[in-house]
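Peer 1: How does the following fold in three dimensions:
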Amino acid sequence: FERGNIGHGETLFQEALATPLVVWFPAAVDARTVDAPVDAVDVYSTVLALAGIGASSEAQGTSLLPVAGAPGGPAFSRLPGRGRAMVVGRYKLVVPRVGPHQLYNLVDDPRERTNLMGSLPKVERYLRNLFGLRVGYEAAWQRRRWGSAANLTAAFAADHGI
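Peer 2: Sure thing, here's the model as predicted:
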């Protein structure tokens, strides 16, 4: 009943998005807690890696097994018809389909009560640039080849004549 909603799929706030991922495979993964956002698209490649099977070149995700502390790059969320959100480090950018953008500092304000949009122009610009790159290339993005918006590979530059 957070914010007057029942269940998931209604908002882009952390109480609906931040769901735990538990991987139990004692032969391959030591017990640990990683308190960092990851993309659900990586679960497929992680399960294949645990089974000793390489993901096809068409797979968009990458295995989470190498994640020891915090994974690199942003984590994206999309709620069809409602908008999108992106978490990078301590900051979260929310871009609703209708209404103003929102910016939260998840470390200082984990319940997302204080919208910082307008008060941190450099952070806003950085996040909007990453967000725009992701959305602009979403349909054709090759994550295994090009990396993430925050950590592009040399293949991205080569493929785009940069």
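Peer 1: Next, work out how far apart Arg3 and Gly118 are.
Peer 2: Arg3 is 22 Å from Gly118, where distance means C-beta to C-beta, to the nearest Å. Every C-beta, even on glycine, is put in place using the N, C-alpha and C of the backbone.
Peer 1: Then Gly81?
Peer 2: According to C-beta to C-beta, Gly81 and Gly118 sit 26 Å apart.
Peer 1: can you give me the strands for this protein?
Peer 2: Counting by DSSP state E, the chain has these strands, from start to end: 75-79, 83-88, 91-96, 102-105, 147-148, 151-152.
Peer 1: Show the contacting residues for Tyr104.
Peer 2: Contacts here follow C-beta atoms under 8 Å, 6 or more residues apart in numbering; on that basis Tyr104 touches 91-92, 94, 112, 114-116.
Peer 1: Closest one of these to Gly161?
Peer 2: Gly161 has its nearest neighbour among the contacts of Tyr104 in Tyr91, at 31.5 Å by C-beta to C-beta.
Peer 1: shouldn't the closest one be in contact with Leu130?
Peer 2: No - the criterion here is C-beta atoms under 8 Å, and Tyr91 misses it with Leu130 at 10.4 Å.
Peer 1: shared neighbours, these two?
Peer 2: Overlap of the contact sets of Tyr91 and Leu130 (by C-beta under 8 Å, 6+ apart) is empty.
Peer 1: Between the contacts of Tyr104, identify the one with the most neighbours.
Peer 2: Lys92 (26 neighbours; other C-beta atoms under 10 Å).
Peer 1: Identify all residues paired with that residue through a beta bridge.
Peer 2: Beta-bridge pairing for Lys92 (DSSP bridges): Val87, Tyr104.
Peer 1: Now do the same contact list for it.
Peer 2: Contacts for Lys92 (C-beta under 8 Å, 6+ apart) come out as 14, 85-86, 103-104, 106, 112.
Peer 1: Using PDB, list the CA coordinates for the longest helix seen in the chain.
Peer 2: Longest helix of the chain, by residue count under DSSP state H: helix 121-137. Output of helix 121-137 as PDB, limited to C-alpha atoms (Å, rounded to 0.1, in the frame of the first residue of the first chain):
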ATOM      1  CA  PRO A 121      22.300  20.900 -12.700                       C
ATOM      2  CA  LYS A 122      25.500  18.900 -13.400                       C
ATOM      3  CA  VAL A 123      24.000  15.700 -12.000                       C
ATOM      4  CA  GLU A 124      20.800  16.300 -14.000                       C
ATOM      5  CA  ARG A 125      22.700  16.800 -17.200                       C
ATOM      6  CA  TYR A 126      24.800  13.700 -16.800                       C
ATOM      7  CA  LEU A 127      21.800  11.500 -16.000                       C
ATOM      8  CA  ARG A 128      19.700  12.900 -18.800                       C
ATOM      9  CA  ASN A 129      22.600  12.300 -21.300                       C
ATOM     10  CA  LEU A 130      22.900   8.600 -20.100                       C
ATOM     11  CA  PHE A 131      19.200   8.300 -20.200                       C
ATOM     12  CA  GLY A 132      18.900   9.700 -23.700                       C
ATOM     13  CA  LEU A 133      21.600   7.500 -25.000                       C
ATOM     14  CA  ARG A 134      19.800   4.400 -23.700                       C
ATOM     15  CA  VAL A 135      16.400   5.400 -25.000                       C
ATOM     16  CA  GLY A 136      17.700   6.500 -28.300                       C
ATOM     17  CA  TYR A 137      19.400   3.200 -29.000                       C
END
